[in-house]
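1. Structural data only, the sequence is not supplied:
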């Protein structure tokens, strides 16, 4: 019989990545464990992104191609699910329609102009930030790839906290909405913020301060989007979760390029 913690790990990796992990339980307990384990998925995804970026640097591809590689890995390991959610959320918010109509727009398979523009600018920002960081040093780029991926999944944990309602009665959003106790979400945030400070200290003299601040800035920006979507749609959906994740990842990368002087 599978221990309960393993059900949470299976739920996390089975729903938040393309890794061949079979989800054996879909109940609220498994969903709670899965969302608490979401940052661990971020560590794996971020490690893969950093690994490809460093490999391209080692082969002489340069910072820009290394940045493209690092940005491509999270998209590939999620089948573009979070990016698709970001685009659908942008279309829903940009439509200006009542909640029911906006949710209907988000369920459509096509991507509208708001979604396309949002994807273009978000991906450009991610690649530009990573290129700047890899150009500063391989360590800064690698740390940024990991931190942004963890920030994206930690934002999902916070978005799944108790008190955040689902916008629909069905779907992945409804399955995970409100499953995480607030104290557990805050404890995870504190733990990963401390870990970010420790890891950031390895990259440069300013990393011990800049890295946890970038993580907190990412979570704060994701929280703003979450609250706006909750007011606008009456709750969260799977698309909103994807939008929250990509918002956190992009904010973390941009924040890591600011201050401290990256040259040399």
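-> Perfect, I can see it now. Since we're looking at a predicted model, the values are computed, not measured.
2. The residue sitting nearest the centre point of the chain in helix, strand or coil?
-> The centroid of the chain falls nearest to residue 152 when counting by CA atoms, centre = their mean (1.9 Å). Of the three states, residue 152 takes helix under DSSP: H, G, I helix; E, B strand; the rest coil.
3. for it, what are its contacts?
-> Going by CB atoms under 8 Å, 6 or more residues apart in numbering, residue 152 touches 42, 74, 82, 218, 245, 246, 248, 249, 252. Using the backbone N, CA and C atoms, a C-beta is placed for each residue, glycine as well.
4. rerun that using 7 Å as the cut-off
-> For residue 152, the contacting residues are 42, 245, 246, 248, 249, by CB atoms under 7 Å, 6 or more residues apart in numbering.
5. Ok, residue 103 next?
-> Residues near residue 103 by CB under 7 Å, 6+ apart: 92, 167, 168, 233, 237.
6. If you rank those by neighbours, which is first?
-> With neighbours taken as other CB atoms under 10 Å, the top of the contacts of residue 103 is residue 92, carrying 30 neighbours.
7. Next one: it from residue 214, what distance?
-> Here residue 92 is placed at a distance of 28 Å from residue 214 (CB to CB, to the nearest Å).
8. Next: residue 84.
-> For residue 84, the distance to residue 214 equals 25 Å [CB to CB].
9. higher neighbour count, the two?
-> For residue 84 versus residue 214, neighbours defined as other CB under 10 Å are more numerous around residue 214 (27 against 21).
10. Go ahead and confirm that one touches residue 258.
-> No: using CB atoms under 7 Å as the test, residue 214 is too far from residue 258 to be in contact (8.2 Å).
11. list residues touching both of these two?
-> Contacts common to residue 214 and residue 258, judged by CB under 7 Å, 6+ apart, are absent.
12. what comes into contact with stretch 22-40?
-> Under CB under 7 Å, 6+ apart, the answer for stretch 22-40 is 2, 4-5, 7-12, 14-16, 150, 153-154, 156-157, 160, 175-176, 179-180, 184, 188, 192.
13. Narrow the residues you listed to just the buried residues.
-> Neighbour-count burial (16 or more other CB atoms under 10 Å) applied to those gives 7-12, 14-16, 150, 153-154, 156-157, 160, 175-176, 179-180, 188, 192.
14. This protein: helices as residue ranges?
-> Along the chain, counting by DSSP state H, helices occupy 4-16, 28-36, 38-58, 63-77, 81-95, 99-107, 113-136, 138-159, 172-176, 182-200, 207-233, 238-256.
15. for the longest one, packing partners?
-> Pointing back at helix 207-233 there. helix 81-95, helix 99-107, helix 138-159, helix 182-200, helix 238-256 (3 or more CB pairs under 7 Å, 6 or more residues apart in numbering; DSSP states H and E).
16. All good on my end, thank you.
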